[in-house]
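> Using only what follows, build the 3D model:
(2 chains)
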Amino acid sequence: MKKLQFIILFCLFAGIVSAQNNYILYSFKGNVSVVDNKVETKAKVGTPINSSATIKVQNGAAVTLICNEAAMFTFSKAGTYPLSKFGDSCTVKNGSVSANYVKYVWAQMTKSSGAPGSNRKAYMNTVGAVSRSINNIWVDPRLDTVNYSKGEFPLSWKSYSTAKEFDFKLFTHDNISTPIYTTTVTKHKIPINSFASKMKPGNSYYWVVSVKGEENEEIKVLNYVSKEDFNKVEAKLLNQGASFEAKAEQSYRLGFLLEDAHFLSEAYQHYNTAATLDPNNVLYRSTLMSFRKDYELK
Amino acid sequence: MSNQEHVPEVKEKKKFHRHITKYLYERDTIFASIWVFLFIVILGSIPLNLGVLNPIKLGLKDFDFNDMSYSKLGKASTTPIDSNIVIINIGQADREGIAMLIEKTASYNPKVMGLDVMFSGPRNQETDNFLQYTIDQNENLVLAAKYMVDTTDKLVAAGNYFLHEKNRFGYVNFPNDDKETVRNYFPFKSDDHDKKLILPSFTSSLLKLYDSTSYKKLEKKVNKQLIINYTRNYTQNTKQYWVFNGDDLLMDQVDSSRIKGKIALLAYVNTNPNDIEDKKFSPMNEKYAGKSTPDMNGIVVHANIISMALEKNYVKKVPLWLNLLIAVVICWLHMSFFIHYYLESHIWFHLAAKIAQVASALFFVWLGIYLYDSYRLKVDLKYSLIVIIMAVDVIYFYEAWAVWMHKKFKYDTLFKPHHH
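Predicted structure coming up:
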């Protein structure tokens, strides 16, 4: 009987041990360290890490781990992360190809093309021109041309380098050699209202952003539209609505049409109004969240 | 369940069974099926390219249903990292930087190194000498070249300034057009005139030094195109190969055990979808049909070939005769089913035929994907799908032909004049 108990206990112990997750440090940038058995060591790519270890991520650093050779997750914010709490990140969805085929075919067959207003991303295809240069900065093509009249709205970008500072330059449309405004920013965005005083309503401007000290030839357009001209555009769009339109519906429609017309700051205000007036409407809420994410409005 | 309850079910089964088998052995079914294939041969023999204005044909020129299994069905999404291979990202390093990276990688004692970089000509004398010296010092380094024929029609490996007779090399070019998906490769190429003149591919040269067993399996495949079994990817969201940044390596921020005794591939790698330098179209492209951008770094294609050879999971291609035989059987069964409806329930013929066509198309696409995924068996069901589509139209032609033959030569047929 004792032997049987021992075997059962042994099997249970072996099961627990084998169920532990195996982590490997896949990549990191910045200051990252691993604390294992109270010993802190500097992170090294490719090192196996015990599931009882803790990862320390300093400001500006990020680390990517692989769990059980399949699941991958990243810590990109500063903090201390005990791996024992991230066991659920090791789960990998693994449906069979046949089952996924049935799901995919069914989803495609039953997929509705939907109204444009219910899927702004599919409809907003009037993005900017092609660009051919390769550099460390990527600006969403939807920001290729921005019409702006009022409000707080950022021009944003992504960087493929680890640079922490970026040069932002603003030019008039007739002189792209001497900037009228230059600044260095540490974030991946700059609010338009922070330099709106340098522009005159009714004029077009060019802007360019680059990693500090580098050059970027990708020039984007910013049209500073006068309030009167914008009011005319807005009034025209307003009149296109149905007579029985509710206030929230109207705001959503205006937001959608203004976004399509590249009045992004103004569109944001209307999306916001729609979501505030009808907070239970999933479409308004999800569109606002998606818009915020797309244009770095956090 | 009692026998009485069982009777209607059995009857139903028999009824469905009869829909297909009732006319299976009739002369009309067999001859109509033959006409389907005759039509395919006749249409295919027209010496005009009628597909030139056909957007569907042009759009699907490089299309393979199996590609769908990567982008939409999750195939290979959970394949673990291949720890036999590490990729060192050379980034924008110049020749001096590349030489330093080779030296540094060599200090980690990999079993074999591959440098997937083409050097077009001389640059700075000093750095060129340094790089040449570094290359010559590392006997386990395989250089990249391109196979081509010279002015005397001789097969040569060229395109790399640092390649000399004593260096190991392998060609990195693929047999397809740059705008097409890379599906196949030649492990070895031989000269058209001198069969003893054989050039190895980049991956074959690496395998020769790394794993002689895997290499021996490949050795006889001269001038034979192998289908690449893509099992791993390296993108912004998927990391199924170890990729180390050259800077991290130079700063000793890499665990040496990951490189020691492994295959170290030095190449340019990037996950930026807008940077298509040295990127190829692969079956793993998220957009499997229509216009898209190259998605896979060239070195990841080579890494997939190496993984395939080491894991011995080659893709087997079903021969043409078997694909045609499958198409014949499928055509025969469908024709029997269609003729049944055509003669006995003509009012439902088109509805039943369209439903059968859609259901069969979905089934055979699944079958192709399933065989590829589970048994690495590539069946070309293109002919089967074509015969299913053509069978319905051919019945109308066959009816007219059979009636005419009946009048002229007393041809025995089930079709009557002015049947509908």
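
> Would you agree residue B:172 is in contact with residue B:305?
No. Using Cβ atoms under 8 Å as the test, residue B:172 is too far from residue B:305 to be in contact (10.7 Å). Every residue, glycine included, has its C-beta placed from N, CA and C.

> which neighbours do those two share?
Shared contacts of residue B:172 and residue B:305 (Cβ atoms under 8 Å, 6 or more residues apart in numbering or on different chains): residue B:201.

> where's residue B:311 relative to chain A, distance?
Going from residue B:311 to chain A by Cβ to the nearest Cβ, to the nearest Å gives 14 Å.

> Just give the closest residue to that residue, not the sequence neighbours.
residue B:231 (7.6 Å; Cβ to Cβ, 6 or more residues apart in numbering or on different chains).

> Is that neighbour located within a strand, as I assumed?
No. The assignment for residue B:231 by DSSP: H, G, I helix; E, B strand; the rest coil gives coil, which leaves it out of any strand.

> Now do the same contact list for it.
Residue B:231 is in contact with B:76, B:79, B:240, B:304, B:307, B:308, B:311, B:313, counting by Cβ under 8 Å, 6+ apart.

> Tell me which two in the residues you listed are the farthest apart.
The two members of these with the most space between them (Cβ to Cβ) are B:240 and B:313, at 14.5 Å.

> between those two, which one's more packed in?
Using other Cβ atoms under 10 Å in any protein chain shown, the more surrounded residue of residue B:240 and residue B:313 is residue B:240, with 25 against 11.

> Quick check: phi and psi at that one.
When read as degrees, to the nearest 10, the backbone of residue B:240 gives phi -110, psi 10.

> can you count the residues close to the nearest residue to it once chain neighbours are set aside?
Closest residue to residue B:240 apart from its sequence neighbours, by Cβ to Cβ, 6+ apart: residue B:232 at 3.5 Å. Residue B:232 is flanked by 20 other residues according to other Cβ under 10 Å.

> Quick check: residue B:232 touching residue B:304?
Yes. Using Cβ under 8 Å, residue B:232 is in contact with residue B:304, at 6.1 Å.

> Tell me which residues touch whatever residue of the stretch 51-200 of chain A ends up closest to chain B, please.
As assessed by Cβ to the nearest Cβ, chain B sits closest to residue A:69 within the stretch 51-200 of chain A, at 3.6 Å. Contact partners of residue A:69, counting by Cβ under 8 Å, 6+ apart, are A:22, A:24, B:80, B:81.

> Residue B:282 and residue B:62: what is the separation?
12 Å (Cβ to Cβ, to the nearest Å).

> intersection of neighbour lists for those two?
residue B:181.

> Comparing the two, which shows the higher neighbour count?
residue B:282 (21 against 18).

> Leaving out sequence neighbours, find the closest residue to that one.
Nearest to residue B:282 is residue B:296, by Cβ to Cβ, 6+ apart, at 3.9 Å.

> could I get the contacts of residue B:231 as TSV with secondary structure and pLDDT?
Shown next, in TSV, are those (DSSP: H, G, I helix; E, B strand; the rest coil; pLDDT from 0 to 100):
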residue	secondary structure	pLDDT
B:76	coil	86
B:79	coil	90
B:240	coil	93
B:304	helix	97
B:307	helix	97
B:308	helix	97
B:311	helix	95
B:313	coil	92
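
> And the buried ones among the residues you listed, selectable in PyMOL?
Of the contacts of residue B:231, the buried ones can be selected in PyMOL as follows, counting by 16 or more other Cβ atoms under 10 Å in any protein chain shown:
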select buried, chain B and resi 76+79+240+304+307+308
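
> And for residue B:198, the neighbour number?
15.

> beta partners of it?
Assessed by DSSP bridges, residue B:198 has beta-bridge partners residue B:190.

> Can you report how many residues lie near residue A:233?
For residue A:233, using other Cβ under 10 Å, the count is 17.

> Sketch out the low-pLDDT regions of chain A for me.
A:1-20, A:93-94, A:113, A:125-134 (pLDDT under 70).

> chain center to stretch B:372-384, what's the gap?
Relative to its chain's centre, stretch B:372-384 lies at 11 Å (Cα atoms, centre = their mean, to the nearest Å).

> mind checking how far stretch B:202-211 is from the chain centre?
22 Å.

> Run through who's touching it.
Outside stretch B:202-211, the residues that touch it by Cβ under 8 Å, 6+ apart are B:84, B:111-112, B:114, B:116, B:140, B:142, B:144, B:168-172, B:185, B:187-188, B:200, B:214-215, B:218, B:263, B:265, B:302, B:305-306, B:309-310.

> Near chain B, which residues of the stretch 101-250 of chain A are found?
By the rule Cβ under 8 Å from any Cβ of the partner chain, the part of the stretch 101-250 of chain A lying against chain B is A:101, A:104, A:105, A:134, A:138, A:160.

> Which parts of the stretch 301-420 of chain B are strands?
For the stretch 301-420 of chain B, the strands defined by DSSP state E, counting those that start in this stretch occupy B:316-317, B:377-378.

> Ok, which of those comes nearest chain A?
strand B:377-378 (13.6 Å).

> wait, does the closest one contact chain A?
No. Against chain A, strand B:377-378 shows no contacts by Cβ under 8 Å from any Cβ, the least distance being 13.6 Å.

> same deal with stretch B:245-253?
Yes. Against chain A, stretch B:245-253 shows contacts by Cβ under 8 Å from any Cβ at B:245, B:248, B:253.

> Need those residues in a markdown table (columns: pLDDT, secondary structure and neighbour count).
Output for these, formatted as a markdown table (pLDDT from 0 to 100; DSSP: H, G, I helix; E, B strand; the rest coil; neighbours: other Cβ atoms under 10 Å in any protein chain shown):
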| residue | pLDDT | secondary structure | neighbour count |
| --- | --- | --- | --- |
| B:245 | 92 | strand | 18 |
| B:248 | 91 | helix | 18 |
| B:253 | 91 | coil | 17 |
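
> Make JSON lines out of those residues and add distance to residue B:339.
Listed next are the residues of stretch B:245-253 next to chain A as JSON lines, based on distance: Cβ to Cβ, whole Å:
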{"residue": "B:245", "distance to residue B:339": "66"}
{"residue": "B:248", "distance to residue B:339": "69"}
{"residue": "B:253", "distance to residue B:339": "72"}
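
> can you pull out the helices in the chain?
Looking at chain A here, since you left the chain open. Counting by DSSP state H, chain A has helices at residues A:2-19, A:97-110, A:120-123, A:227-239, A:247-260, A:264-277, A:282-294.

> nope, chain B
Remark: helices assigned in chain B by DSSP H are B:3-21, B:27-45, B:55-59, B:65-71, B:95-107, B:125-137, B:202-210, B:212-219, B:246-250, B:298-311, B:320-344, B:346-375, B:382-409.
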